[in-house]
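>>> model the following, please.
(chains A, B, C and D)
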Protein chains: 4
Amino acid sequence: MSGIFKGKTTGTPISLIVHNKDYISKDYNNIKDIYRPSHADFTYDKKYGFRDYRGGGRASARETVARVCAGAIAKKILLDLGINILAYTSSVGNIKVKNIDLDYINKNPLKIPCEETAKKAIQLLDNLINENNSIGGTAYCEITGLKAGIGEPVFEKLDAMLSKAIMSIGATKGIEFGLGFLASEKKGNEYNDIFYSENNEVLKKSNNSGGILGGISDGSKITMNIAFKPTPSISIPQDTINNNLENVNVTIKGRHDPFIIPRAIPIIEAMVAITLLDYILINMTRKIECVKNAYFNF
Amino acid sequence: MSGIFKGKTTGTPISLIVHNKDYISKDYNNIKDIYRPSHADFTYDKKYGFRDYRGGGRASARETVARVCAGAIAKKILLDLGINILAYTSSVGNIKVKNIDLDYINKNPLKIPCEETAKKAIQLLDNLINENNSIGGTAYCEITGLKAGIGEPVFEKLDAMLSKAIMSIGATKGIEFGLGFLASEKKGNEYNDIFYSENNEVLKKSNNSGGILGGISDGSKITMNIAFKPTPSISIPQDTINNNLENVNVTIKGRHDPFIIPRAIPIIEAMVAITLLDYILINMTRKIECVKNAYFNF
Amino acid sequence: MSGIFKGKTTGTPISLIVHNKDYISKDYNNIKDIYRPSHADFTYDKKYGFRDYRGGGRASARETVARVCAGAIAKKILLDLGINILAYTSSVGNIKVKNIDLDYINKNPLKIPCEETAKKAIQLLDNLINENNSIGGTAYCEITGLKAGIGEPVFEKLDAMLSKAIMSIGATKGIEFGLGFLASEKKGNEYNDIFYSENNEVLKKSNNSGGILGGISDGSKITMNIAFKPTPSISIPQDTINNNLENVNVTIKGRHDPFIIPRAIPIIEAMVAITLLDYILINMTRKIECVKNAYFNF
Amino acid sequence: MSGIFKGKTTGTPISLIVHNKDYISKDYNNIKDIYRPSHADFTYDKKYGFRDYRGGGRASARETVARVCAGAIAKKILLDLGINILAYTSSVGNIKVKNIDLDYINKNPLKIPCEETAKKAIQLLDNLINENNSIGGTAYCEITGLKAGIGEPVFEKLDAMLSKAIMSIGATKGIEFGLGFLASEKKGNEYNDIFYSENNEVLKKSNNSGGILGGISDGSKITMNIAFKPTPSISIPQDTINNNLENVNVTIKGRHDPFIIPRAIPIIEAMVAITLLDYILINMTRKIECVKNAYFNF
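This is a model prediction of the structure:
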């Protein structure tokens, strides 16, 4: 709608509209007064005293289309800087990816980088659909090609901001960097990443830290794991309450995925891209030489 | 230094100075040119081209004293609102707390809520000190007494902002809410927290979500687990590089804790308190009735 | 487009689109390479190295439609709080308003509160149209019904923020509060507004300060004058340069007002309303009693 | 106190303390319950329900020392970029500067760039001191050496932000750019600044706009005039009220300047410097080429 002229950005905000055409109002009629378990119906109603029940409003994953659009632009710029972001499904329930084959990610609807795991997971999901049930899982995301020095001290550490960005995606329940929770079981001499130098380049013998030291990128791969809860919308009848606080029973209708992560993959990549690009721009002012160069030469 | 007059805040920023008297400059002389493994020496130098090597600068845990001071004020206000924040050490390496006894937290230097676990952990740490080694662990934090409705939609979800706040503390490697990573292995009907109503109050039969739904508090306990890496400063000789990118060997001297979490406990509580209070203030504008009341009556 | 459900706001951002149908592309063909005098063509091109020449892009007054839309919502809320914002044209060139008749503002296209002045001004503008020329003028704006206590200390003073808000409107060249520049010629004992009390109310014998003391509203009328330059688009041939830095001559075509202020009146009111409402919301946290009341009762 | 190591900034916030040693507490004892006319005593008390009466708290000009300190650093950087900021007193009451002699600014305590005007003004102020009275005046400020392209569209225009910055200084009552209020009396063909080109440089035949077009610097001198009210603290007895809303009479004691602008000159320069530097940093991201250069080369 705005911001682009003759194929180039003008500096004006880029705006676009995505019309939701895949929307069936009547699906929501039977739940308009009901607080679905593990949904945000209750908390929104409690907060605002009023709620748009048609599809969950801003608590619906529909809002993430804006994130993916913005992320697509950020990724184009990052690619120009030699930076790649890649996310995939790393587990479905307790089925975990074994042998990584990145080429396979886009060859299966679950975005799993392993043919054998994908097949097992698809069978599991077929069973869950029959049960009208759903399941959780984990995603993995990595950033490659990022130079050292990106991220800010104290409150705006790169891992802190990536955590905020990722944990703002619906259904996420946890995030970890590098070894993550496993780091909590390690001794210092097992965990520490040993620096060494080769051809005037700084390298590390391991990457347990996941590419961030003191909140600032160290030039190695940034890695993170993200936990997702099972899709809360299931068609199994569930006890719950309505907005008169009466105990009722609900069966949720409509089209719902038994497993949410394949849809979350582009959202994760988008949020990482937006966050990274922000920090790359912020990092531009780190040295007076850079300020002078930008003022005099562009 | 400012902001308080006759025992009351004036609205002026409250400033205070904590003079660091426990500081031995010469401890840093032998590492001023060296990038300690898993420290931020390298990333700061890479970012700014220059670094204050006396104690790590802003990458040192010394900066957290400001967080604890601010948190102390936030906690006083939260207490007035009936809100409590409690954190403790939940594991040391692979020694995990078994039976929770909250009274025991302040009876042991490790802030562990379990006498048996604390004793085992102390023995482990004694051995590590002898080895000049360190170890990671986990902390648990809960918020009790918080009403439903706190947190903002989309990017500023309460769990997103708590994640940012916590992950901005040095040495953190992961955070999870409620069941966290375990949620990824659950089916929808196992995970969903069933609402019910009793005496006109909204209750839940479980709290797998950890008290937050759609980024907004639901009135139940907010729970989180936090992973910490082992203290990177160990006195075991380690290979590394210096700022000329020469491969060297370093033995870190000075006073360093083999286990960092007991010192992180008040920082976690402080960051949670600051974040919560921010969101309680932001939430004041959620209804026009509240705006009117505040304008006309105060 | 969003944010409203069943006639009430949901908390979601309210979005709307205003399609510009009064747009003649070819009017801009002859000036696409030309830097119009006293327009932003040159500065935008210099900044971005690229420019959307069709109507001036974001430097065009077209962008102010968004301000007026947002202001309309802010004004509804302010009205509920008993706060009124009124702006009018106070001079056209050197024809200044003499006797104020507020009822006349909407009875003439120039938004002048004085029949005699309006008639003189209309004649002046008729002559200017024949000359293909334009003229500057001033606007006056007042806020009535605002309680004392709105505005923040130091950098975010109410007059500072209103200045920013108003001076962000295109073609403004100056702003003053109360006596404004005339205050610079006064002695302390002539200028100072003497407080007195009547029926337990704080009153002032004069309002030279224009209703703001120390950046905070004092409960009396807030008054400001705003200077506008003449419309830069005139159809008189003018010397200028093009984007090859060649000296050229340009005659600007298209529909352009010889006098801009009547169109600026709603923009001024909108910017004042948006700014005021922001500060009323910020002011909600000024006392702990208000925080408690908002937390427990809404 | 922090932020500097071996004569260079480390990126850590630079903090410093200025101890106020020129402070006589008892001067405030007789006014602690009194709302001085045209001071912020009343508005602060009304806002917070509580007030630090010793010297006016944050409403005192004492807070501006922080602005001047920050400005001193900003000015050093701007100087490196070839940018100069100069302010001086342009009128005292209705005595206005006639012939500008910049060398004379620092040769008189009033910071007036004209020997004849300074002498007249000093005589006026001597009389006012005898009357226990004060007077207003105007300051002029100019920025030279700034390249075109600095400032942001729409809400963050350079003149809007400079207005906010300047109007946040106590005692200011108005600001104007270029011709300012005089522009309101001009016709388009009189006011418009005609561009021309010479030796591949963009020049203007006049600078009525004061160096800013569409909120963005145009490469010519940025000029502004600022109106100051008379010092409100005068030793002439004045009627007023106290905080019980009783009508009383007050004579303000203590050391007070009859004319405030000489002390405001460094504050104006500081606020302009801080604002300009912010916008120069923001402008660094305006072109993708600059982003790439900063990422790869620094």
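>>> check contacts around A:Ala74.
A:270, A:273-274, A:276-277 (C-beta atoms under 8 Å, 6 or more residues apart in numbering or on different chains). C-beta: built from backbone N, CA, C; applies to glycine.
>>> the helix or strand containing it: which residues count as buried?
Using DSSP states H and E, A:Ala74 maps to helix A:64-80. By neighbour count on 16 or more other C-beta atoms under 10 Å in any protein chain shown, the buried set for helix A:64-80 is A:64, A:67-68, A:70-71, A:73-75, A:77-78.
>>> need the contact list for the residue nearest to the spatial centre of chain A.
By C-alpha atoms, centre = their mean, chain A has its centre lying nearest to A:Ile268, at 2.4 Å. Going by C-beta under 8 Å, 6+ apart, A:Ile268 touches A:87, A:139, A:141, A:166, A:169, A:226.
>>> can you tell me the closest non-neighbouring residue to the third one?
Going back to what we said before, that points to A:Cys141. Distances taken as C-beta to C-beta, 6 or more residues apart in numbering or on different chains place A:Ala87 nearest to A:Cys141, at 4.1 Å, with adjacent residues excluded.
>>> before we move on, what about the fifth one?
Closest residue in space to A:Ile169, ignoring its immediate chain neighbours: A:Ile267 at 5.4 Å, by C-beta to C-beta, 6+ apart.
>>> swap in the last one?
Spatially, and ignoring its direct neighbours in sequence, A:Ile226 is nearest to A:Ala139 (4.7 Å; C-beta to C-beta, 6+ apart).
>>> A strand includes that neighbour, no?
Yes: assessed with DSSP: H, G, I helix; E, B strand; the rest coil, A:Ala139 lies in a strand.
>>> skip the chain neighbours and tell me the closest residue to A:His39.
Nearest non-adjacent residue to A:His39 (C-beta to C-beta, 6+ apart): A:Pro232, at 5.4 Å.
>>> neighbours of that neighbour, just the number please.
24 (other C-beta atoms under 10 Å in any protein chain shown).
>>> can you classify it as helix, strand or coil?
Applying three-state DSSP: A:Pro232 is coil.
>>> what's near enough to touch it?
A:36-39, A:134, A:171, B:188, B:191-192.
>>> and stretch A:3-16, what's buried?
Within stretch A:3-16, the residues that qualify as buried are A:3, A:10-12, counting by 16+ other C-beta under 10 Å.
>>> and which of these is nearest to D:Arg263?
A:Gly11 (39.8 Å; C-beta to C-beta).
>>> and the average pLDDT for the helix or strand hosting A:Ile267 is what?
In this assignment (DSSP H and E), A:Ile267 forms part of helix A:261-282. In this model, helix A:261-282 has an average pLDDT of 98.
>>> so the residue lying closest to A:Glu131 once chain neighbours are set aside, which of the three states?
Leaving aside its sequence neighbours, A:Glu131 sits nearest to A:Ile236 (C-beta to C-beta, 6+ apart; 7.3 Å). Going by three-state DSSP, the secondary structure assigned to A:Ile236 is coil.
>>> so which bits of the stretch 51-200 of chain A are right by chain C?
A:51-52, A:54, A:57-58 (C-beta under 8 Å from any C-beta of the partner chain).
>>> only whichever of these are buried, select them in ChimeraX.
Provided next is the ChimeraX selection string for whichever of these are buried by 16+ other C-beta under 10 Å:
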select /A:51,52,57,58
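>>> list just the nearest of the residues of the stretch 51-200 of chain A next to chain C to chain D.
Each of these was checked against chain D using C-beta to the nearest C-beta; the closest is A:Arg58, at 24.6 Å.
>>> and for A:Thr179, the neighbour number?
Just to correct that, residue A:179 is Leu rather than Thr. With other C-beta under 10 Å as criterion, A:Leu179 counts 24.
>>> torsion angles phi and psi at the spatially closest residue to it that is not a sequence neighbour?
Leaving aside its sequence neighbours, A:Leu179 sits nearest to A:Asn208 (C-beta to C-beta, 6+ apart; 4.7 Å). With angles defined as degrees, to the nearest 10, A:Asn208 sits at phi -60, psi -30.
>>> who's in contact with A:Asn208?
The contact partners of A:Asn208, by C-beta under 8 Å, 6+ apart, come to A:178-179, A:183, A:186, A:191-193, B:38, B:229.
>>> need the residues you listed in CSV with secondary structure, can you?
Putting those into CSV (three-state DSSP) gives the following:
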residue, secondary structure
A:Gly178, coil
A:Leu179, coil
A:Ala183, helix
A:Lys186, coil
A:Tyr191, helix
A:Asn192, coil
A:Asp193, coil
B:Ser38, coil
B:Lys229, coil
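>>> how close does the residue nearest to the centre of chain A sit to A:Glu289?
Distance of A:Ile268 to A:Glu289, given as C-beta to C-beta, to the nearest Å: 35 Å.
>>> what of A:Ala87?
35 Å.
>>> same thing with A:Met167?
In terms of C-beta to C-beta, A:Met167 sits 36 Å off from A:Glu289.
>>> those two: which has the busier surroundings?
Higher neighbour count among A:Met167 and A:Glu289: A:Met167, with 27 against 12, using other C-beta under 10 Å.
>>> could the contacts of A:Asn208 go into JSON lines alongside pLDDT?
Listed next are the contacts of A:Asn208 as JSON lines, based on pLDDT from 0 to 100:
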{"residue": "A:Gly178", "pLDDT": "98"}
{"residue": "A:Leu179", "pLDDT": "98"}
{"residue": "A:Ala183", "pLDDT": "98"}
{"residue": "A:Lys186", "pLDDT": "98"}
{"residue": "A:Tyr191", "pLDDT": "98"}
{"residue": "A:Asn192", "pLDDT": "98"}
{"residue": "A:Asp193", "pLDDT": "98"}
{"residue": "B:Ser38", "pLDDT": "96"}
{"residue": "B:Lys229", "pLDDT": "98"}
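>>> just the closest of those residues to chain D, please.
B:Ser38 (20.9 Å).
>>> quick one on the thing from earlier: so which of the contacts of A:Ala74 are also by chain C?
Answer for those near chain C: none qualify (C-beta under 8 Å from any C-beta).
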